[in-house]
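Q: model the structure of this input:
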Amino acid sequence: MATAVELLRQGRRDELWKKYCGFLDLSLEEFMRIQKRLLLEQIQLLSNCELGRKLLVGQKPTSVEEFRETVPLTTYEDYAPFLLKKREDVLPTKPLHWARTTGRSGEFGYRFKWVPVSDATHHRSMRYGLAALILASCTKKGEVVLEEGDKLLYNAAPRPYASGESMYGLAREFPFKFLPPLDKAESLSFEERVQEGFKLAFRDGIDFFAGVSSVFVAVGERFAEASRGIEFSPTLLHPKSLFRLGKALLKSKSAKRRMLPKDLWTLKGVVGSGTDTAIYSHRIHYLWGKRPLGLYSATEAGFVAVQAWNYKGMTFVPDINFFEFIPEEEHIRSKKDPQYRPRTLLLDQVKPGEKYEIVFTSLGGGCFVRYRIGDMIRIVSRRDEELGIDIPQMQFESRCDDIIDLAAFTRLTETIIWRAIEDIGIPYQDWVVRKEEKDGQPALHIFIETKLDQRGQEKEIAEAMHQALKRLDPDYRDMEEIMGLRPIVVTLLSPGTFHQYYLERQAAEVDLGQLKPPHIQPPDRVLNALLRISQKRSA
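A: I've put the predicted structure just below:
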(Lines give C-alpha, C1' and ligand atoms only; values in the text may rest on other atoms or scores of the structure.)
Protein backbone atom coordinates (compact mmCIF):
# COMPACT_ATOMS: atom_id res chain seq x y z
CA MET A 1 0.00 0.00 0.00
CA ALA A 2 1.34 3.43 -0.95
CA THR A 3 2.56 5.66 1.86
CA ALA A 4 1.32 9.20 2.46
CA VAL A 5 4.39 10.79 0.91
CA GLU A 6 4.22 8.48 -2.14
CA LEU A 7 0.58 9.44 -2.70
CA LEU A 8 1.53 13.10 -2.33
CA ARG A 9 4.43 12.84 -4.78
CA GLN A 10 2.15 11.15 -7.32
CA GLY A 11 -0.53 13.83 -6.96
CA ARG A 12 -3.04 11.32 -5.57
CA ARG A 13 -4.39 13.63 -2.88
CA ASP A 14 -7.93 12.19 -3.08
CA GLU A 15 -6.55 8.76 -2.18
CA LEU A 16 -4.46 10.25 0.61
CA TRP A 17 -7.60 11.84 2.10
CA LYS A 18 -9.53 8.57 1.92
CA LYS A 19 -6.69 6.62 3.51
CA TYR A 20 -6.40 8.92 6.52
CA CYS A 21 -9.76 10.66 6.85
CA GLY A 22 -12.07 8.08 5.28
CA PHE A 23 -13.35 6.98 8.71
CA LEU A 24 -15.50 10.15 8.69
CA ASP A 25 -17.57 8.60 5.87
CA LEU A 26 -18.55 5.49 7.85
CA SER A 27 -22.19 5.00 8.70
CA LEU A 28 -22.94 4.21 12.33
CA GLU A 29 -23.90 0.69 11.27
CA GLU A 30 -20.56 0.22 9.51
CA PHE A 31 -18.73 1.65 12.54
CA MET A 32 -20.42 -0.86 14.85
CA ARG A 33 -19.67 -3.78 12.51
CA ILE A 34 -15.97 -2.91 12.62
CA GLN A 35 -16.09 -2.61 16.41
CA LYS A 36 -17.78 -5.97 16.94
CA ARG A 37 -15.64 -7.86 14.41
CA LEU A 38 -12.39 -6.61 15.93
CA LEU A 39 -13.63 -7.29 19.47
CA LEU A 40 -14.23 -10.98 18.65
CA GLU A 41 -10.72 -11.18 17.17
CA GLN A 42 -9.33 -9.56 20.33
CA ILE A 43 -11.16 -12.05 22.57
CA GLN A 44 -9.35 -14.86 20.75
CA LEU A 45 -5.99 -13.20 21.47
CA LEU A 46 -6.91 -12.60 25.10
CA SER A 47 -7.98 -16.19 25.66
CA ASN A 48 -4.50 -17.37 24.63
CA CYS A 49 -2.52 -15.40 27.24
CA GLU A 50 -2.22 -15.37 31.02
CA LEU A 51 -3.39 -11.81 31.59
CA GLY A 52 -6.27 -12.22 29.15
CA ARG A 53 -7.56 -15.38 30.85
CA LYS A 54 -7.46 -13.58 34.19
CA LEU A 55 -9.41 -10.60 32.86
CA LEU A 56 -11.93 -12.83 31.08
CA VAL A 57 -12.38 -14.73 34.39
CA GLY A 58 -11.78 -18.03 32.66
CA GLN A 59 -14.51 -17.49 30.06
CA LYS A 60 -14.24 -17.27 26.28
CA PRO A 61 -17.22 -15.18 25.14
CA THR A 62 -18.49 -15.93 21.66
CA SER A 63 -20.52 -12.74 21.21
CA VAL A 64 -20.38 -9.08 22.16
CA GLU A 65 -23.41 -9.55 24.41
CA GLU A 66 -21.80 -12.44 26.29
CA PHE A 67 -18.59 -10.46 26.65
CA ARG A 68 -20.41 -7.54 28.27
CA GLU A 69 -22.44 -9.79 30.54
CA THR A 70 -19.64 -12.01 31.84
CA VAL A 71 -16.45 -9.92 31.85
CA PRO A 72 -16.02 -7.46 34.74
CA LEU A 73 -14.99 -3.83 34.42
CA THR A 74 -11.33 -3.13 35.27
CA THR A 75 -8.99 -0.37 36.45
CA TYR A 76 -5.20 -0.15 36.37
CA GLU A 77 -5.08 -1.86 39.74
CA ASP A 78 -6.07 -5.10 37.96
CA TYR A 79 -3.02 -4.81 35.68
CA ALA A 80 -0.43 -3.35 38.03
CA PRO A 81 1.11 -6.67 39.22
CA PHE A 82 1.95 -7.49 35.60
CA LEU A 83 2.53 -4.14 33.90
CA LEU A 84 4.65 -2.45 36.56
CA LYS A 85 7.12 -5.30 36.07
CA LYS A 86 6.80 -5.01 32.26
CA ARG A 87 5.93 -8.69 31.95
CA GLU A 88 5.61 -9.23 28.21
CA ASP A 89 5.13 -12.98 28.61
CA VAL A 90 1.56 -12.51 29.93
CA LEU A 91 0.33 -10.16 27.16
CA PRO A 92 -1.83 -10.94 24.08
CA THR A 93 0.96 -9.73 21.76
CA LYS A 94 4.52 -8.51 22.25
CA PRO A 95 4.37 -4.71 22.61
CA LEU A 96 6.09 -2.45 20.13
CA HIS A 97 7.18 -0.30 23.08
CA TRP A 98 6.26 0.64 26.64
CA ALA A 99 4.86 4.07 27.43
CA ARG A 100 4.85 5.76 30.78
CA THR A 101 2.03 7.84 32.23
CA THR A 102 1.63 9.47 35.61
CA GLY A 103 -2.11 9.06 36.00
CA ARG A 104 -3.33 10.65 39.21
CA SER A 105 -0.78 11.62 41.86
CA GLY A 106 -0.20 8.77 44.28
CA GLU A 107 -2.75 6.51 42.63
CA PHE A 108 -2.73 3.05 44.26
CA GLY A 109 0.58 3.89 45.95
CA TYR A 110 2.83 4.05 42.85
CA ARG A 111 4.27 7.12 41.16
CA PHE A 112 3.51 6.24 37.55
CA LYS A 113 2.06 3.55 35.32
CA TRP A 114 3.69 1.52 32.56
CA VAL A 115 1.55 0.77 29.52
CA PRO A 116 2.42 -1.73 26.77
CA VAL A 117 1.60 -0.33 23.32
CA SER A 118 0.83 -2.92 20.66
CA ASP A 119 2.02 -2.58 17.10
CA ALA A 120 -1.56 -2.11 15.85
CA THR A 121 -2.44 0.53 18.46
CA HIS A 122 0.70 2.52 17.71
CA HIS A 123 0.45 2.48 13.94
CA ARG A 124 -3.29 3.13 13.85
CA SER A 125 -2.83 6.02 16.31
CA MET A 126 -0.12 7.50 14.10
CA ARG A 127 -2.40 7.21 11.08
CA TYR A 128 -5.07 9.19 12.91
CA GLY A 129 -2.44 11.62 14.18
CA LEU A 130 -1.62 12.49 10.59
CA ALA A 131 -5.35 12.65 9.88
CA ALA A 132 -5.67 15.26 12.64
CA LEU A 133 -3.03 17.44 10.97
CA ILE A 134 -4.81 17.07 7.62
CA LEU A 135 -8.13 18.05 9.23
CA ALA A 136 -6.54 20.97 11.10
CA SER A 137 -5.25 22.44 7.85
CA CYS A 138 -8.21 21.91 5.52
CA THR A 139 -11.34 23.98 4.94
CA LYS A 140 -13.42 21.38 3.15
CA LYS A 141 -13.74 17.65 2.58
CA GLY A 142 -10.97 16.17 0.48
CA GLU A 143 -8.59 19.12 0.78
CA VAL A 144 -4.99 18.14 1.58
CA VAL A 145 -2.47 20.97 1.98
CA LEU A 146 0.32 18.88 3.51
CA GLU A 147 3.65 19.16 1.75
CA GLU A 148 6.78 17.08 2.14
CA GLY A 149 9.11 18.81 4.58
CA ASP A 150 6.41 20.85 6.34
CA LYS A 151 7.88 22.23 9.58
CA LEU A 152 6.33 21.04 12.85
CA LEU A 153 7.26 22.68 16.15
CA TYR A 154 8.18 20.01 18.72
CA ASN A 155 5.97 20.38 21.80
CA ALA A 156 5.85 17.09 23.67
CA ALA A 157 7.20 15.31 26.69
CA PRO A 158 10.22 13.07 25.96
CA ARG A 159 10.06 9.33 25.51
CA PRO A 160 8.95 7.06 27.15
CA TYR A 161 5.91 9.34 27.58
CA ALA A 162 3.31 8.62 24.92
CA SER A 163 3.52 12.13 23.44
CA GLY A 164 7.27 11.69 22.86
CA GLU A 165 6.73 8.30 21.24
CA SER A 166 4.06 9.85 19.02
CA MET A 167 6.56 12.38 17.62
CA TYR A 168 8.79 9.53 16.43
CA GLY A 169 5.79 7.63 15.11
CA LEU A 170 4.59 10.69 13.22
CA ALA A 171 8.05 11.11 11.73
CA ARG A 172 7.81 7.57 10.34
CA GLU A 173 4.32 8.28 8.98
CA PHE A 174 5.27 11.48 7.14
CA PRO A 175 8.55 13.38 6.48
CA PHE A 176 7.95 16.48 8.58
CA LYS A 177 10.86 18.72 9.48
CA PHE A 178 10.77 18.87 13.28
CA LEU A 179 11.90 21.99 15.11
CA PRO A 180 14.21 21.16 16.82
CA PRO A 181 15.19 17.84 15.18
CA LEU A 182 13.99 14.82 17.17
CA ASP A 183 17.45 13.49 17.98
CA LYS A 184 18.46 16.86 19.44
CA ALA A 185 15.13 17.55 21.17
CA GLU A 186 15.39 14.51 23.43
CA SER A 187 18.60 15.79 25.00
CA LEU A 188 17.04 19.16 25.93
CA SER A 189 14.77 20.19 28.77
CA PHE A 190 11.23 21.24 27.82
CA GLU A 191 12.07 24.95 28.06
CA GLU A 192 15.28 24.46 26.06
CA ARG A 193 13.31 22.59 23.36
CA VAL A 194 10.85 25.46 23.06
CA GLN A 195 13.65 28.04 22.86
CA GLU A 196 15.61 26.04 20.29
CA GLY A 197 12.46 25.42 18.26
CA PHE A 198 11.72 29.12 18.06
CA LYS A 199 15.28 29.98 17.10
CA LEU A 200 14.92 27.70 14.10
CA ALA A 201 11.39 28.93 13.40
CA PHE A 202 12.59 32.54 13.11
CA ARG A 203 14.74 31.45 10.20
CA ASP A 204 12.79 28.59 8.63
CA GLY A 205 9.15 29.28 9.57
CA ILE A 206 6.49 27.02 11.11
CA ASP A 207 3.73 25.12 9.32
CA PHE A 208 2.21 23.07 12.13
CA PHE A 209 2.04 23.30 15.90
CA ALA A 210 0.90 20.19 17.81
CA GLY A 211 0.83 19.60 21.54
CA VAL A 212 -0.73 20.73 24.80
CA SER A 213 -3.02 23.74 24.29
CA SER A 214 -2.07 25.51 27.51
CA VAL A 215 1.56 25.51 26.31
CA PHE A 216 0.51 27.25 23.05
CA VAL A 217 -1.04 30.02 25.12
CA ALA A 218 1.86 30.33 27.55
CA VAL A 219 4.46 30.43 24.78
CA GLY A 220 2.40 32.84 22.67
CA GLU A 221 1.83 35.25 25.55
CA ARG A 222 5.46 35.05 26.63
CA PHE A 223 6.50 35.87 23.07
CA ALA A 224 4.07 38.81 22.91
CA GLU A 225 5.45 40.24 26.16
CA ALA A 226 9.07 39.79 25.04
CA SER A 227 8.41 41.36 21.63
CA ARG A 228 8.37 44.84 23.17
CA GLY A 229 12.12 44.68 23.68
CA ILE A 230 13.52 42.25 21.11
CA GLU A 231 17.28 41.78 21.36
CA PHE A 232 19.08 41.13 18.09
CA SER A 233 20.80 37.83 18.79
CA PRO A 234 22.90 36.05 16.12
CA THR A 235 19.79 34.03 15.23
CA LEU A 236 17.80 37.17 14.44
CA LEU A 237 20.65 38.63 12.39
CA HIS A 238 20.20 35.87 9.80
CA PRO A 239 18.78 37.48 6.60
CA LYS A 240 15.69 35.24 6.63
CA SER A 241 15.04 36.08 10.28
CA LEU A 242 15.43 39.81 9.71
CA PHE A 243 13.04 39.70 6.75
CA ARG A 244 10.47 37.76 8.77
CA LEU A 245 10.82 40.12 11.72
CA GLY A 246 10.50 43.21 9.53
CA LYS A 247 7.23 41.99 8.01
CA ALA A 248 5.91 41.13 11.48
CA LEU A 249 6.75 44.60 12.83
CA LEU A 250 4.83 46.20 9.97
CA LYS A 251 1.80 43.98 10.60
CA SER A 252 1.69 44.71 14.31
CA LYS A 253 2.26 48.44 13.78
CA SER A 254 -0.53 48.53 11.20
CA ALA A 255 -2.85 46.74 13.68
CA LYS A 256 -1.74 49.18 16.45
CA ARG A 257 -0.83 46.45 18.92
CA ARG A 258 2.17 44.54 20.19
CA MET A 259 3.69 41.88 17.95
CA LEU A 260 2.07 38.45 18.13
CA PRO A 261 3.22 35.05 16.85
CA LYS A 262 0.68 35.24 14.00
CA ASP A 263 2.55 38.27 12.66
CA LEU A 264 5.67 36.14 12.19
CA TRP A 265 4.21 32.85 11.04
CA THR A 266 1.20 31.79 8.98
CA LEU A 267 0.38 28.33 10.28
CA LYS A 268 -1.32 25.67 8.22
CA GLY A 269 -2.75 23.95 11.28
CA VAL A 270 -2.75 23.67 15.04
CA VAL A 271 -3.67 20.43 16.84
CA GLY A 272 -4.35 20.78 20.55
CA SER A 273 -4.50 18.03 23.14
CA GLY A 274 -5.52 18.31 26.77
CA THR A 275 -8.76 19.13 28.54
CA ASP A 276 -8.24 22.86 28.00
CA THR A 277 -8.30 23.01 24.18
CA ALA A 278 -11.87 24.30 23.95
CA ILE A 279 -11.26 26.76 26.79
CA TYR A 280 -8.17 28.26 25.20
CA SER A 281 -9.39 28.12 21.61
CA HIS A 282 -10.11 31.84 21.23
CA ARG A 283 -6.80 32.86 22.87
CA ILE A 284 -4.81 30.50 20.63
CA HIS A 285 -6.62 31.89 17.60
CA TYR A 286 -5.83 35.47 18.68
CA LEU A 287 -2.15 34.73 19.34
CA TRP A 288 -1.38 32.28 16.54
CA GLY A 289 -4.00 33.14 13.93
CA LYS A 290 -5.36 29.58 13.78
CA ARG A 291 -7.94 27.72 15.82
CA PRO A 292 -6.70 24.53 17.51
CA LEU A 293 -8.26 21.30 16.31
CA GLY A 294 -9.11 19.22 19.37
CA LEU A 295 -8.37 15.55 19.78
CA TYR A 296 -8.91 13.07 22.59
CA SER A 297 -6.25 10.47 23.31
CA ALA A 298 -4.79 8.66 26.31
CA THR A 299 -1.70 6.59 26.99
CA GLU A 300 -3.72 3.45 27.73
CA ALA A 301 -6.16 3.97 24.84
CA GLY A 302 -4.09 5.55 22.09
CA PHE A 303 -6.07 7.77 19.71
CA VAL A 304 -9.79 7.97 20.58
CA ALA A 305 -11.52 10.85 18.76
CA VAL A 306 -10.86 14.04 16.79
CA GLN A 307 -12.68 17.13 15.55
CA ALA A 308 -13.34 17.71 11.87
CA TRP A 309 -12.70 20.95 10.00
CA ASN A 310 -15.81 22.68 11.41
CA TYR A 311 -14.27 22.52 14.93
CA LYS A 312 -17.42 21.12 16.57
CA GLY A 313 -17.82 17.71 18.23
CA MET A 314 -15.19 14.97 18.01
CA THR A 315 -15.66 11.80 15.97
CA PHE A 316 -14.61 8.43 17.42
CA VAL A 317 -12.22 6.22 15.45
CA PRO A 318 -13.40 2.62 15.02
CA ASP A 319 -10.40 0.29 15.06
CA ILE A 320 -8.20 1.03 18.10
CA ASN A 321 -10.67 0.43 20.96
CA PHE A 322 -14.08 -1.14 21.48
CA PHE A 323 -16.18 1.48 23.27
CA GLU A 324 -18.76 1.21 26.02
CA PHE A 325 -20.37 4.02 27.97
CA ILE A 326 -21.57 4.13 31.59
CA PRO A 327 -24.50 6.59 31.96
CA GLU A 328 -23.85 9.34 34.50
CA GLU A 329 -26.43 8.09 36.99
CA GLU A 330 -24.92 4.60 36.84
CA HIS A 331 -21.46 6.09 37.37
CA ILE A 332 -22.64 7.99 40.45
CA ARG A 333 -24.27 4.88 41.89
CA SER A 334 -21.08 2.86 41.39
CA LYS A 335 -19.05 5.54 43.20
CA LYS A 336 -21.34 5.32 46.19
CA ASP A 337 -21.39 1.51 46.12
CA PRO A 338 -18.09 -0.01 44.87
CA GLN A 339 -19.77 -3.43 44.73
CA TYR A 340 -22.36 -2.22 42.25
CA ARG A 341 -21.70 -3.18 38.63
CA PRO A 342 -22.92 -0.33 36.41
CA ARG A 343 -24.64 -1.07 33.13
CA THR A 344 -23.06 0.13 29.90
CA LEU A 345 -24.30 1.28 26.51
CA LEU A 346 -22.72 0.96 23.08
CA LEU A 347 -22.09 3.88 20.75
CA ASP A 348 -25.32 3.28 18.83
CA GLN A 349 -27.29 3.56 22.10
CA VAL A 350 -25.98 6.84 23.56
CA LYS A 351 -28.17 9.96 23.62
CA PRO A 352 -27.30 13.56 22.76
CA GLY A 353 -26.87 15.85 25.75
CA GLU A 354 -26.05 13.00 28.15
CA LYS A 355 -22.77 12.46 30.00
CA TYR A 356 -21.05 9.08 30.18
CA GLU A 357 -18.00 7.52 31.76
CA ILE A 358 -16.05 6.05 28.86
CA VAL A 359 -14.96 2.38 29.01
CA PHE A 360 -12.76 0.75 26.41
CA THR A 361 -11.32 -2.60 25.41
CA SER A 362 -8.07 -2.55 23.45
CA LEU A 363 -8.22 -3.97 19.93
CA GLY A 364 -5.38 -5.27 17.79
CA GLY A 365 -3.49 -7.10 20.53
CA GLY A 366 -3.62 -4.50 23.30
CA CYS A 367 -4.15 -5.60 26.89
CA PHE A 368 -6.91 -3.47 28.43
CA VAL A 369 -10.32 -5.07 28.90
CA ARG A 370 -13.45 -3.08 29.78
CA TYR A 371 -11.09 -0.51 31.23
CA ARG A 372 -12.30 2.45 33.28
CA ILE A 373 -9.76 5.14 32.49
CA GLY A 374 -11.62 7.65 34.65
CA ASP A 375 -12.90 10.14 32.03
CA MET A 376 -16.38 11.60 31.56
CA ILE A 377 -17.48 12.61 28.07
CA ARG A 378 -20.62 14.27 26.76
CA ILE A 379 -22.42 13.25 23.58
CA VAL A 380 -23.18 16.55 21.89
CA SER A 381 -25.15 15.23 18.92
CA ARG A 382 -26.32 12.02 17.28
CA ARG A 383 -24.45 12.99 14.09
CA ASP A 384 -22.76 15.99 12.49
CA GLU A 385 -25.49 17.25 10.17
CA GLU A 386 -23.33 20.03 8.75
CA LEU A 387 -20.60 17.69 7.48
CA GLY A 388 -22.74 14.56 7.06
CA ILE A 389 -20.76 12.52 9.62
CA ASP A 390 -23.02 9.66 10.73
CA ILE A 391 -21.28 8.93 14.05
CA PRO A 392 -22.26 10.37 17.47
CA GLN A 393 -20.20 13.46 18.30
CA MET A 394 -18.48 13.81 21.68
CA GLN A 395 -16.60 16.33 23.79
CA PHE A 396 -14.41 15.71 26.81
CA GLU A 397 -16.25 16.69 30.00
CA SER A 398 -13.95 16.00 32.97
CA ARG A 399 -11.99 13.49 34.93
CA CYS A 400 -14.40 11.37 36.97
CA ASP A 401 -12.66 12.44 40.17
CA ASP A 402 -12.54 16.12 39.10
CA ILE A 403 -16.18 16.76 39.97
CA ILE A 404 -17.36 18.91 42.86
CA ASP A 405 -20.89 18.26 44.12
CA LEU A 406 -22.51 21.33 45.67
CA ALA A 407 -25.58 20.75 47.85
CA ALA A 408 -26.66 17.90 45.54
CA PHE A 409 -27.83 20.59 43.09
CA THR A 410 -24.93 20.81 40.69
CA ARG A 411 -21.80 18.87 39.86
CA LEU A 412 -19.13 21.32 38.75
CA THR A 413 -16.32 20.02 36.56
CA GLU A 414 -12.82 21.39 35.98
CA THR A 415 -13.97 22.51 32.54
CA ILE A 416 -16.94 24.57 33.74
CA ILE A 417 -14.92 26.25 36.52
CA TRP A 418 -12.10 27.00 34.08
CA ARG A 419 -14.54 28.55 31.61
CA ALA A 420 -15.97 30.74 34.35
CA ILE A 421 -12.47 31.96 35.26
CA GLU A 422 -11.80 32.72 31.60
CA ASP A 423 -15.14 34.52 31.27
CA ILE A 424 -14.49 37.00 34.08
CA GLY A 425 -11.56 38.34 32.07
CA ILE A 426 -8.91 38.68 34.75
CA PRO A 427 -5.38 37.77 33.53
CA TYR A 428 -4.24 34.87 35.71
CA GLN A 429 -1.30 32.51 36.03
CA ASP A 430 -3.01 29.43 37.45
CA TRP A 431 -5.57 28.30 40.01
CA VAL A 432 -6.82 25.48 42.24
CA VAL A 433 -10.21 24.98 43.87
CA ARG A 434 -11.41 23.12 46.95
CA LYS A 435 -14.87 22.29 48.25
CA GLU A 436 -15.04 23.45 51.87
CA GLU A 437 -17.62 24.20 54.56
CA LYS A 438 -18.32 27.77 55.67
CA ASP A 439 -20.87 28.43 58.41
CA GLY A 440 -22.49 25.05 57.83
CA GLN A 441 -22.88 25.60 54.09
CA PRO A 442 -20.86 24.22 51.15
CA ALA A 443 -18.30 26.63 49.72
CA LEU A 444 -16.28 26.64 46.52
CA HIS A 445 -12.91 28.08 47.56
CA ILE A 446 -10.84 29.29 44.62
CA PHE A 447 -7.13 30.01 45.10
CA ILE A 448 -5.91 32.03 42.12
CA GLU A 449 -2.69 33.80 41.14
CA THR A 450 -3.51 36.85 39.02
CA LYS A 451 -1.06 38.63 36.74
CA LEU A 452 -2.27 42.08 37.83
CA ASP A 453 -2.47 43.42 41.38
CA GLN A 454 -5.99 42.51 42.50
CA ARG A 455 -5.43 42.76 46.27
CA GLY A 456 -8.56 43.82 48.12
CA GLN A 457 -10.82 42.71 45.25
CA GLU A 458 -11.49 39.16 46.43
CA LYS A 459 -15.20 39.83 46.94
CA GLU A 460 -15.56 41.42 43.51
CA ILE A 461 -13.83 38.44 41.87
CA ALA A 462 -16.02 36.02 43.84
CA GLU A 463 -19.15 37.84 42.67
CA ALA A 464 -17.94 37.80 39.04
CA MET A 465 -17.27 34.05 39.33
CA HIS A 466 -20.71 33.50 40.81
CA GLN A 467 -22.40 35.32 37.94
CA ALA A 468 -20.27 33.49 35.35
CA LEU A 469 -21.19 30.10 36.79
CA LYS A 470 -24.87 31.07 36.77
CA ARG A 471 -24.60 31.83 33.06
CA LEU A 472 -22.71 28.64 32.27
CA ASP A 473 -24.51 26.12 34.48
CA PRO A 474 -28.33 26.11 34.88
CA ASP A 475 -28.15 23.79 37.90
CA TYR A 476 -25.82 26.24 39.65
CA ARG A 477 -28.27 29.04 38.91
CA ASP A 478 -31.15 26.96 40.34
CA MET A 479 -29.11 26.35 43.51
CA GLU A 480 -29.11 30.07 44.27
CA GLU A 481 -32.74 30.58 43.32
CA ILE A 482 -34.01 27.68 45.41
CA MET A 483 -31.55 27.60 48.31
CA GLY A 484 -30.12 31.11 48.27
CA LEU A 485 -26.55 29.79 48.18
CA ARG A 486 -23.70 31.98 46.96
CA PRO A 487 -20.83 29.57 47.63
CA ILE A 488 -17.79 31.28 46.02
CA VAL A 489 -14.81 32.23 48.21
CA VAL A 490 -11.63 33.66 46.63
CA THR A 491 -8.08 33.73 47.96
CA LEU A 492 -5.45 35.57 45.91
CA LEU A 493 -2.00 33.99 45.77
CA SER A 494 1.15 36.09 45.49
CA PRO A 495 2.80 36.54 42.06
CA GLY A 496 5.22 33.72 41.29
CA THR A 497 3.54 31.19 43.62
CA PHE A 498 2.85 28.53 41.00
CA HIS A 499 6.23 28.94 39.32
CA GLN A 500 8.01 28.52 42.66
CA TYR A 501 5.89 25.44 43.42
CA TYR A 502 6.92 24.01 40.05
CA LEU A 503 10.59 24.68 40.79
CA GLU A 504 10.36 23.04 44.22
CA ARG A 505 8.73 19.94 42.74
CA GLN A 506 11.34 19.85 39.99
CA ALA A 507 14.14 20.07 42.58
CA ALA A 508 12.53 17.18 44.45
CA GLU A 509 12.77 15.13 41.19
CA VAL A 510 9.10 14.23 41.14
CA ASP A 511 7.61 12.70 37.99
CA LEU A 512 7.00 15.08 35.07
CA GLY A 513 3.23 14.71 35.24
CA GLN A 514 3.15 15.70 38.92
CA LEU A 515 5.03 19.00 38.69
CA LYS A 516 1.84 21.04 38.51
CA PRO A 517 -0.85 20.86 41.22
CA PRO A 518 -4.25 19.41 40.25
CA HIS A 519 -6.85 22.10 39.66
CA ILE A 520 -9.64 20.26 41.48
CA GLN A 521 -9.47 19.20 45.13
CA PRO A 522 -5.69 19.45 45.61
CA PRO A 523 -4.48 17.41 48.61
CA ASP A 524 -3.73 19.26 51.86
CA ARG A 525 0.03 18.97 51.33
CA VAL A 526 -0.27 20.67 47.92
CA LEU A 527 -2.53 23.47 49.12
CA ASN A 528 -0.39 24.04 52.20
CA ALA A 529 2.71 24.31 49.99
CA LEU A 530 1.01 26.89 47.75
CA LEU A 531 -0.13 28.95 50.75
CA ARG A 532 3.34 28.75 52.33
CA ILE A 533 4.99 29.96 49.13
CA SER A 534 2.41 32.70 48.65
CA GLN A 535 2.83 33.98 52.20
CA LYS A 536 6.63 33.96 51.91
CA ARG A 537 6.55 35.86 48.60
CA SER A 538 4.23 38.52 50.01
CA ALA A 539 6.36 39.10 53.12
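Q: hey, let's count contacts and neighbours off CA atoms from now on
A: Will do.
Q: please enumerate the strands of the stretch 51-200 of the chain.
A: 97-101, 113-117, 151-153, 177-179 (DSSP state E, counting those that start in this stretch).
Q: contacting residues around the last one?
A: Contacts to strand 177-179, defined as Cα atoms under 8 Å, 6 or more residues apart in numbering, come from residues 149-154, 196-198, 200-201.
Q: residues in contact with stretch 341-348?
A: For stretch 341-348, contacts defined as Cα under 8 Å, 6+ apart pick out 28, 32, 73, 323-327, 330-331, 333-334, 392.
Q: let's see that with 7 Å instead.
A: Here stretch 341-348 makes contact (Cα atoms under 7 Å, 6 or more residues apart in numbering) with 28, 323-327, 330-331, 334.
Q: now those residues in TSV, please, with extra columns for neighbour count.
A: Shown next, in TSV, are these (neighbours: other Cα atoms under 10 Å):
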residue	neighbour count
Leu28	17
Phe323	24
Glu324	24
Phe325	24
Ile326	22
Pro327	20
Glu330	17
His331	22
Ser334	16
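Q: quick one on the thing from earlier: just the contacts of strand 177-179: which are in helices?
A: Within the contacts of strand 177-179, residues falling in helices by DSSP state H are 196-198, 200-201.
Q: in TSV, list these along with pLDDT and neighbour count.
A: Listed next are those as TSV, based on pLDDT from 0 to 100; neighbours: other Cα atoms under 10 Å:
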residue	pLDDT	neighbour count
Glu196	87	19
Gly197	87	21
Phe198	83	21
Leu200	90	19
Ala201	90	20
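Q: partner residues bridging Tyr428?
A: Per DSSP bridges, the residues bridged to Tyr428 are Thr450.
Q: residues contacting it?
A: 449-451.
Q: and for Leu55?
A: By Cα under 7 Å, 6+ apart, the contact set of Leu55 is Val369.
Q: what's the answer for Arg383, then?
A: Arg383 touches 389-393, counting by Cα under 7 Å, 6+ apart.
Q: specify the local secondary structure of the closest residue to Leu264 other than its chain neighbours.
A: The shortest distance from Leu264 to any non-neighbouring residue, by Cα to Cα, 6 or more residues apart in numbering, is to Ala248 (5.0 Å). Assigned with DSSP: H, G, I helix; E, B strand; the rest coil, Ala248 falls in the helix class.
Q: what does the one 4 residues further on give?
A: With three-state DSSP as the basis, the three-state label of Ser252 is helix.
Q: how much space between it and Leu260?
A: Ser252 sits at a distance of 7 Å from Leu260 (criterion: Cα to Cα, to the nearest Å).
Q: who has more neighbours, those two?
A: The neighbour count for Ser252 versus Leu260, taken as other Cα atoms under 10 Å, is higher for Leu260 (24 against 16).
Q: roughly how far does the more buried one sit from Tyr286?
A: Note on Leu260: its distance to Tyr286, by Cα to Cα, is 8 Å.
Q: same question, Trp265
A: In this structure, Trp265 and Tyr286 are 13 Å apart, going by Cα to Cα.
Q: with Val271 instead?
A: Distance from Val271 to Tyr286, by Cα to Cα: 15 Å.
Q: what do you get for Glu50?
A: In terms of Cα to Cα, Glu50 sits 52 Å off from Tyr286.
Q: now do Ala131
A: For Ala131, the distance to Tyr286 (Cα to Cα) stands at 24 Å.
Q: among the two, which residue is more densely surrounded?
A: Neighbour tally, Ala131 and Tyr286, criterion other Cα under 10 Å: the higher count belongs to Ala131, 23 against 16.
Q: verify the stated contact: the more buried one with Lys18.
A: No: assessed by Cα atoms under 7 Å, Ala131 is found out of contact with Lys18, at 9.9 Å.
Q: what separation is there between the residue lying closest to Arg193 once chain neighbours are set aside and Pro160?
A: Once flanking residues are discounted, Arg193 sits nearest to Ala185: 5.8 Å by Cα to Cα, 6+ apart. Note on Ala185: its distance to Pro160, by Cα to Cα, is 14 Å.
Q: the more surrounded of these two?
A: Between Ala185 and Pro160, Ala185 has the larger neighbour count (other Cα under 10 Å), namely 23 against 15.
Q: okay, now the unreliable bits of this protein?
A: The chain contains residues with pLDDT under 70 at 102-110, 226-237, 407-408, 511-513.
Q: got the buried residues for the host helix or strand of Arg477?
A: According to DSSP states H and E, Arg477 maps onto helix 474-483. Within helix 474-483, the residues scored as buried using 16 or more other Cα atoms under 10 Å are 475-477, 479.
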